[in-house]
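*Asks:* mind looking at a prediction? Sequence and model below.
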Amino acid sequence: MSTIPVVVQSKSVAAEGIMSFTLVPQTGIDLPAFEAGAHIDVHVGHGLIRQYSLCNAPSERHRYLISVSLEPQSRGGSSAMHEQICAGDILQISAPRNHFPLVNAERYLLLAGGIGITPILCMAEHLSAANADFEMHYCTRSPERTAFRSQIADSTYRDRVHFHHDSGEADQKLDFGRLFSKLGRGTHVFLCGPTGFIEHATNTARACGWPDEVIHFEYFSAAPVDASGETSFEVRVASSGNCYVVPPGQTVVSVLAKHGVEIPVSCEAGVCGTCLTGVLDGQPDHRDVFMTDEEHARNDQFTPCCSRSKGDLLVLDL
């Protein structure tokens, strides 16, 4: 897959534990166009590729803005961005891709939890420029951990944004039930943030009678999985007929790679869908947050970076 060289024009502290990076084209030519909700793959180094949502207005072609939260249990991506990447460095990135696009709606409700603000901020920029009807709620642990406060305060849509902090008084915390109960039926909901934030918001929306088709969300990470009961299983590569054993504690991707069968991977956590692979026979044990429940039920594809098998054998469309 081809990449685009960009220069890190600036690196700055966006909030406690969050760094922002402004990326500009190395060649001086405009960067590829993107839509609100899009992300790019960033080649961090040493084989690490991570996805980061674009935060800036989609009308901008001279730069990409990304923000990275330092994860306490970083697998190398966020720690490298925070500690090793500096202004002036050249990075390789992908063209923007979008698994979290806006749809046409009468009204929009934007919900951000923590670093989930990154695609939501881009949506707010776009909707404001389009004079769309929207409101935004931004939940963080504290004001100190709230990225883009100054940018939002200086924006034309600042009166539409409501901040909620875990460290604040009870009356300023977001009551999802009250929020969803007062919304009109022409509203579409877009939310991004930690797994618990998304699950609480979506479950509350459904309990208030909101249909799934108006609830749109994007995970940044998969929920932890209890691997204590994992057992071995086999995968068969349909094109060659070769079978390989996947023992507990190893992924399908890593086992196949040892035998020369390469599957492209990126997040390695079932979030991005890069490794999505067809399944011709067998029942996957889905552990991703990329596919929908309906797609899981079809059992015709899975994410071999993290998912396993419920039976003894999976036949892969490779």
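*Replies:* Arrived safely, thanks for sending.
*Asks:* of all the residues in stretch 269-283, which ones are buried?
*Replies:* Neighbour-count burial for stretch 269-283 flags 269, 270, 271, 272, 273, 274, 275, 276, 277, 279, 282 (criterion: 16 or more other Cβ atoms under 10 Å). Placement of C-beta: from N, CA and C, glycine included.
*Asks:* no wait, stretch 203-215
*Replies:* Using 16+ other Cβ under 10 Å as the test for burial, stretch 203-215 gives 204, 205, 210, 214, 215.
*Asks:* in helices only, show me the residues you listed.
*Replies:* 204, 205 (DSSP state H).
*Asks:* out of the buried residues of stretch 203-215, which two are the most distant from each other?
*Replies:* Within the buried residues of stretch 203-215, 204 and 214 form the most distant pair, 13.7 Å apart (Cβ to Cβ).
*Asks:* going along the chain, name the strands of the stretch 101-250 of the chain.
*Replies:* Here the stretch 101-250 of the chain has its strands, by DSSP state E, counting those that start in this stretch, at 107-113, 134-140, 161-165, 187-193, 215-219, 233-237, 243-246.
*Asks:* quick one on the thing from earlier: so which of the buried residues of stretch 269-283 is the closest to residue 87?
*Replies:* So of the buried residues of stretch 269-283, ranked by how close each gets to residue 87 (Cβ to Cβ), first place is residue 272, at 26.8 Å.
*Asks:* so what's the gap between the strand ranked longest in the chain and the chain middle?
*Replies:* Longest strand in the chain, counting residues (DSSP state E): strand 4-15. The chain centre lies 19 Å from the centre of strand 4-15; the measure is Cα atoms, centre = their mean, to the nearest Å.
*Asks:* next SSE downstream of it?
*Replies:* Next in sequence after strand 4-15, counting helices and strands by DSSP states H and E, comes strand 18-25.
*Asks:* flag every buried residue along that following strand.
*Replies:* Buried-residue list, strand 18-25, by 16+ other Cβ under 10 Å: 18, 19, 20, 21, 22, 23, 25.
*Asks:* what's the answer for stretch 49-57, then?
*Replies:* For stretch 49-57, burial by neighbour count (16+ other Cβ under 10 Å) applies to 49, 50, 51, 52, 53, 54, 55, 56.
*Asks:* could you check the angle strand 215-219 makes with the one helix or strand the first one maps to?
*Replies:* In this case it means residue 49. Per DSSP H and E, residue 49 falls inside strand 48-53. Here the directions of strand 48-53 and strand 215-219 differ by 150 degrees (axes from the mean of the first three to the mean of the last three Cα atoms, to 10 degrees).
*Asks:* what's around residue 229, how many residues?
*Replies:* Close neighbours of residue 229, defined as other Cβ atoms under 10 Å, add up to 6.
*Asks:* just give me the residue right at the centre of this structure.
*Replies:* residue 220 (3.7 Å; Cα atoms, centre = their mean).
*Asks:* can you list the domains in the chain?
*Replies:* The chain breaks down into these domains under automatic domain parsing: 4-93, 107-219, 233-316.
*Asks:* nearest to residue 101, out of those?
*Replies:* Between residue 101 and the domains of the chain, the tightest spacing by Cβ to Cβ is seen for domain 4-93, at 5.0 Å.
*Asks:* check the offset of the closest one from the chain's centre.
*Replies:* 14 Å.
*Asks:* rewinding a little: quick one, which of the domains of the chain is nearest to residue 227?
*Replies:* Among these, the nearest to residue 227 by Cβ to Cβ is domain 233-316 (6.9 Å).
*Asks:* could you list the low-pLDDT ranges of this protein?
*Replies:* For the chain, applying pLDDT under 70 flags the ranges 1, 72-76, 221-226.
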